[in-house]
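[1] sequence and predicted structure, then a few things I'm wondering about:
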Amino acid sequence: MSIKFEFATAARIVFGRGTIGTVARRAAQMGRTPFLVTGRNRERAVSVWEELRSLNMAPEIYPVPEEPTVERVVEGARIAVAKNCDLVIGVGGGSVIDGAKAIAALIRNRDDVMNYLEIVGLGRPLSHAPVPVIAVPTTAGTGAEVTSNAVLTSKTHRVKVSLRHAEMLPSVAIIDPELTLSMPPHVTAGTGLDALTQVLEPYVSSLANPMTDIFCLDALGRAARSFRKAWEEGGDLDAREDMAMVSLFGGLALANAKLGAVHGFAAAFGGMFDAPHGLVCARLLPFVMAVNVKALQARGLPDALCRYETVSRLLTGDPEASAEQGIDWIMTLCNDMKVPELSHYGITPVHFAEVIDRTQRTSSIKGNPVALSVEELGEILQQAVGSNSGR
């Protein structure tokens, strides 16, 4: 059997403790007027702002305080154009970096944003390359610093959609594990569970390839040994470094091998309900795994099933572990971290048909290792919603 694949990522990846100190110098080589995108807490970007000012650069600061909406990035791009910004720097979590990438794209593509949005728009390619982006994650979760899309919420359509183009990959991704030390346990849990999902789904994806496998296998081992420690002992910099690597490797993998049903559901769910993305993924993950394993067994697909066994052995440390033991490991982790049932966010059986329909139309579902029926998707959703769904 021949092997054929492509691999794309950020032009430059800079990983290591203290690397945030290089942002301003790199920015000065790329533009003159930076547009600095931050989260709700601007303090994390203060050092970058001060260093930019010391180089006689006058950054315009723009907050993305929650998951970015279409309206928020359109407004950001309008301000950036008015201020003649020629470079975007995103310092924050995945939402901030997605916002930064979208704003960078819209600075040079000024017609109706609906021309470019997937699912709810025309999904056309960008007419012009975005301005350069420097992505600086302060959480270990999404891997957005090395992906070529920005996930945006369309409030009008009540769905999360992507603005996507190969040239939306950041020019530089700077991953400094020290920036994640300030994350409280609940944020460490939510972002870390997202990161874990994003190295598991690409590994079992129908679009996995030898390069993405390398990242996923390494990251699964790191998550197994360090995730709990980072959650329980937030000041353990070695554990934080491992989880920053898991997040980075997840971004590299998903950008080239896609994801699966977990993120398909999460995209649909996130557009309809106000819920933290990482916790939604975590709640879905063991149930998606269980239904996928059952479907692979029923359809006689042993090669894909073997990948779940490999995941299980890396997570549990048991070289003889079954796929089911890996599912149990993740379920225990989610229970210990008090991941809520999806009913906590307001979903009831009344919403199931719409959530499943939206899930089937997402980009992520295309990477699932097996095509799931409506009934199988319903089984996952029923289990993830839990006992308080009002059924």
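    Okay, I see it.
[2] element containing residue 134?
    Using DSSP states H and E, residue 134 sits in strand 133-137.
[3] ok, for the spatially most central residue of the chain, nearest residue in space, not its chain neighbours?
    Central residue of the chain (Cα atoms, centre = their mean): residue 142, 2.9 Å from the mean position. Computed as Cβ to Cβ, 6 or more residues apart in numbering, the closest residue to residue 142 that is not its neighbour in sequence is residue 94, at 2.9 Å. In this view, the C-beta of every residue, glycine as well, is placed from N, C-alpha and C.
[4] who's in contact with that neighbour?
    137, 139, 141, 142, 143, 144, 191, 194, 277 (Cβ atoms under 8 Å, 6 or more residues apart in numbering).
[5] what's the per-residue pLDDT of residue 121 here?
    Looking at residue 121, its pLDDT is 85.
[6] now the one 10 residues further on
    On the pLDDT scale, residue 131 is placed at 97.
[7] so it belongs to a helix, correct?
    No - assessed with DSSP: H, G, I helix; E, B strand; the rest coil, residue 131 is coil; it does not lie in a helix.
[8] that one touches residue 107, doesn't it?
    Yes - applying Cβ atoms under 8 Å, one finds residue 131 in contact with residue 107, separated by 5.2 Å.
[9] what touches both of those two?
    Common neighbours of residue 131 and residue 107, counting by Cβ under 8 Å, 6+ apart, are 85, 88.
[10] wasn't residue 91 part of a strand?
    Yes - assigned with three-state DSSP, residue 91 falls within a strand.
[11] report the rounded mean pLDDT for stretch 136-145.
    Mean predicted confidence for stretch 136-145 is 95.
[12] neighbours around the residue nearest to residue 34 when sequence neighbours are not counted, how many?
    Leaving aside its sequence neighbours, residue 34 sits nearest to residue 59 (Cβ to Cβ, 6+ apart; 4.3 Å). Other residues near residue 59 come to 22 when the count uses other Cβ atoms under 10 Å.
[13] again, but for residue 112
    Residue 112: 11 neighbours (other Cβ under 10 Å).
[14] doesn't residue 126 make contact with residue 115?
    No - applying Cβ under 8 Å, one finds residue 115 not in contact with residue 126, separated by 9.2 Å.
[15] and these two? Which one has more around it.
    residue 126 (18 against 14).
[16] what residues are up against the more buried one?
    Going by Cβ under 8 Å, 6+ apart, residue 126 touches 105, 108, 109, 116, 165, 167, 168.
[17] restricted to buried residues, select the residues you listed in ChimeraX.
    To isolate the buried members of these in ChimeraX, using 16 or more other Cβ atoms under 10 Å:
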select :105,109,116,165,168
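[18] which of the contacts of residue 126 sits closest to residue 181?
    For these, the minimum distance to residue 181 (Cβ to Cβ) is 29.0 Å, reached by residue 168.
[19] which residue sits closest to the closest one, ignoring its sequence neighbours?
    Nearest non-adjacent residue to residue 168 (Cβ to Cβ, 6+ apart): residue 148, at 4.7 Å.
[20] look up how far residue 194 lies from that neighbour.
    Taking Cβ to Cβ, to the nearest Å as the criterion, residue 148 is separated from residue 194 by 18 Å.
[21] before I go, just wanted to say thanks for your time.
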